[in-house]
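Enquirer: missing the sequence, but the structure's below:
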C-alpha cells in the first residue's frame, strides 16, 4: 500500500482551539485508524494546525517522512491560510477531507481552503463524509501517487535502438525526464552477446535442465537444441548482470533483427525477466519490454507498481470477429506467470511448451508458448497524440476454452507463441480506429480508478474505451 500523511486543520483563535482540540484529535483518530486498517502506512502530524508556525512545521515533518500523498483533514472551521502555508511545504498530491457534522463546520473550512488552493492553481481532490465513506477513494489516490513517485528517479535501460522502424516504440528522453522523472541509459546489444558467452556454463546448463524438468521442451535439432536453449539462458544471465551493474529499474531489448538473425531470440530472457521467479528461485519481477518498446515498458512499470503482479506484453495480433475476441500474442514475451497466475513456477511451467523458433527468427532458440489463464483484466497503453501522452484504458477479460477450440484459435496466427484470448469492453470498430499502437499491456483485476488518478497526477489525457 501507500504512505499517507494526515494533517488536521483547526481554528486560529487560542480560546476556540482549546475548546475543540479534543474533538479534532478524536475525529482524526477515526480517520487514521480507517487508513491503517486499509493497509496504508500513516504518517500523522504531531499536532493539529492552530497557528501559522504550526502549519509550516508539521507539513515539513510529514514531507520529510516521504509520504506519497497528504490528507488535509477538516472537522472544524479552519483558518484557510493554514492550508496555504501547509501546502507550500508539501510537494506531493493533496486530498482535502471534511466531515458533515452540523455543529462543527468542517465542510465550510474545506470549501474555504479549497477555494484558496484553486486561486493559486494548486490541484487537489475534495472528499467528505465519515472515514468509512472516504478511505477507499483516498486509497485509490494514494496508490496512484505511490506509483507515480516510484517512476521519478528511476532508470530505463534501452538495449539497442528502434526495432524494425517502429516509431511507437521510441520515446523522447527529454519528455520522459520532464514528465515522469525517468532517465534513459543506452546500451548496445553486443553486451548481451558478450556477457551471454562469458556466463557461467554451470548456471546455463542448470537453467536448461530446470526448464526440461518443469516445462515441455520440443527440441528439433535445428532451430531448438540444448546448446541454443543454454545460449538463451545465458542471455537472461547477461541481462541480470546489466540490470544489477547499471541499477536499471526496467528495460527493453531491441532483439529484432540483429539478435534474432545472428544470435538467438530473446524470448526466454524476456519471459523470465517479467516473471517473479527464475531457475534460482523467487525474485522481484523486472519489467522488460520486447522490441525495446519504451512506451510499452513505461506502461508496464506503472501497472506493475499499481498491481504488484507481472504485466502482460502482447501484440494485438488478430480479431476473431465471429467470437468478438482478440488474440493477444507476441513471440515469447508473455511472462510464464500468466499461464496459471501462480507464484509456484512448477504450476505455471506445467502449462508451458518451448517450441522451436519460427521462420521470423533464423538464429533459433525457444518460443515460450502457453495460454493465459482466464479472469478479469485491466488493459492499457501509454500512447502519444501529436506529441502529448495519453493513457488508453479499458477493462476486459481473458477467456479459456476446451483444448480443441484453443488449438484451432491459436493455429490461425502463430501457434508456437503465447496467447491471451481477450474480450474487451470496447467495440472492435472503436478499438481499431483509435488505439495508438500495435502493443497492449494487461494486469489482473480492475485498476482503472488508480490509472485515472495517475492521469490527473501527471497531467496526462485519459482515453478510456467502453461499450457504453
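Expert: Looks like it arrived, so ask away. From a predicted model like this one, the values you see are computed outputs, not experimental measurements.
Enquirer: can you count the residues close to the closest residue to residue 91 other than its chain neighbours?
Expert: The shortest distance from residue 91 to any non-neighbouring residue, by Cβ to Cβ, 6 or more residues apart in numbering, is to residue 63 (6.5 Å). All C-beta atoms are positioned from the backbone trio N, CA, C, and that covers glycine. Applying other Cβ atoms under 10 Å, we find 17 residues neighbouring residue 63.
Enquirer: what about the strand or helix carrying residue 63, distance to the chain center?
Expert: According to DSSP states H and E, residue 63 maps onto helix 52-64. Here the centre of mass of C-alpha atoms in helix 52-64, compared against the chain's by Cα atoms, centre = their mean, to the nearest Å, lies 32 Å away.
Enquirer: buried sites along it?
Expert: 54-59, 61-63 (16 or more other Cβ atoms under 10 Å).
Enquirer: nearest to residue 143, of the residues you listed?
Expert: Distance to residue 143, by Cβ to Cβ, is smallest for residue 62 among the buried residues of helix 52-64, at 18.3 Å.
Enquirer: what sits against the closest one?
Expert: 5-7, 43, 45, 70, 90 (Cβ atoms under 8 Å, 6 or more residues apart in numbering).
Enquirer: again, but for residue 390
Expert: Neighbour list for residue 390: 382-384, 436, 460-463 [criterion: Cβ under 8 Å, 6+ apart].
Enquirer: for residue 382, same thing?
Expert: Going by Cβ under 8 Å, 6+ apart, residue 382 touches 295, 298-299, 302, 389-392, 460.
Enquirer: from residue 147, how far out is it?
Expert: Between residue 382 and residue 147 the distance is 13 Å, computed by Cβ to Cβ, to the nearest Å.
Enquirer: and for residue 105?
Expert: Using Cβ to Cβ, one gets 35 Å for the distance from residue 105 to residue 147.
Enquirer: more neighbours, these two?
Expert: Counted by other Cβ under 10 Å, residue 105 and residue 147 do not tie: residue 147 has more neighbours, with 24 against 19.
Enquirer: can you tell me the element the closest residue to that one other than its chain neighbours falls in?
Expert: Using Cβ to Cβ, 6+ apart and skipping the chain neighbours, the partner closest in space to residue 147 is residue 305 (3.8 Å). Secondary structure here is read from DSSP H and E; on that basis residue 305 sits in helix 294-307.
Enquirer: what's around residue 18, how many residues?
Expert: Residues contacting residue 18 under the criterion other Cβ under 10 Å number 11.
Enquirer: show me the biggest helix of the chain in terms of residues.
Expert: helix 14-37 (DSSP state H).
Enquirer: kindly spell out which helices and strands sit in contact with that helix.
Expert: Helix 14-37 makes packing contacts with strand 3-9, strand 41-44, strand 69-74, helix 131-151 when contacts are defined by 3 or more Cβ pairs under 8 Å, 6 or more residues apart in numbering; DSSP states H and E.
Enquirer: out of these, which one sits most buried?
Expert: Using mean count of other Cβ atoms under 10 Å, the stretch among those with the greatest mean number of neighbours is strand 69-74 (a mean of 29).
Enquirer: next, the angle helix 14-37 makes with that one.
Expert: Angle between the axes of strand 69-74 and helix 14-37 is 140 degrees (criterion: axes from the mean of the first three to the mean of the last three Cα atoms, to 10 degrees).
Enquirer: so which other helices or strands are in contact with strand 69-74?
Expert: Identification of packing neighbours for strand 69-74 by 3+ Cβ pairs under 8 Å, 6+ apart yields strand 3-9, helix 14-37, helix 80-88, strand 94-98, helix 106-119, helix 131-151.
Enquirer: so, low pLDDT: which residues of this structure?
Expert: For the chain, the stretches with pLDDT under 70 are 332.
Enquirer: outline the domain layout of it.
Expert: In the domain annotation for the chain, the residue ranges read 3-151, 155-464 (automatic domain parsing).
Enquirer: what's the closest non-adjacent residue to residue 43?
Expert: The shortest distance from residue 43 to any residue that is not its chain neighbour, by Cβ to Cβ, 6+ apart, is 4.3 Å, and that residue is residue 65.
Enquirer: list the contacts for that neighbour?
Expert: 3, 5, 43.
Enquirer: those strands in the stretch 351-468 of the chain, which residues are they?
Expert: Along the stretch 351-468 of the chain, counting by DSSP state E, counting those that start in this stretch, strands occupy 353-356, 366-369, 375-385, 388-399, 419-424, 439-444, 461-464.
Enquirer: mind listing what the longest one pairs with, with the direction of each?
Expert: This points to strand 388-399. Each strand pairing with strand 388-399, determined using DSSP bridges, is listed with its direction: strand 375-385 (antiparallel), strand 419-424 (antiparallel), strand 461-464 (parallel).
Enquirer: tell me the most buried of these?
Expert: The densest packing among the strands paired with strand 388-399, expressed as mean neighbour count by mean count of other Cβ under 10 Å, is seen in strand 419-424 with a mean of 23.
Enquirer: tell me which residues of stretch 10-21 are tucked away?
Expert: Using 16+ other Cβ under 10 Å, the residues of stretch 10-21 that count as buried are 10-12, 17, 20-21.
Enquirer: I meant to write stretch 407-419 there.
Expert: Neighbour-count burial for stretch 407-419 flags 409-410, 414-419 (criterion: 16+ other Cβ under 10 Å).
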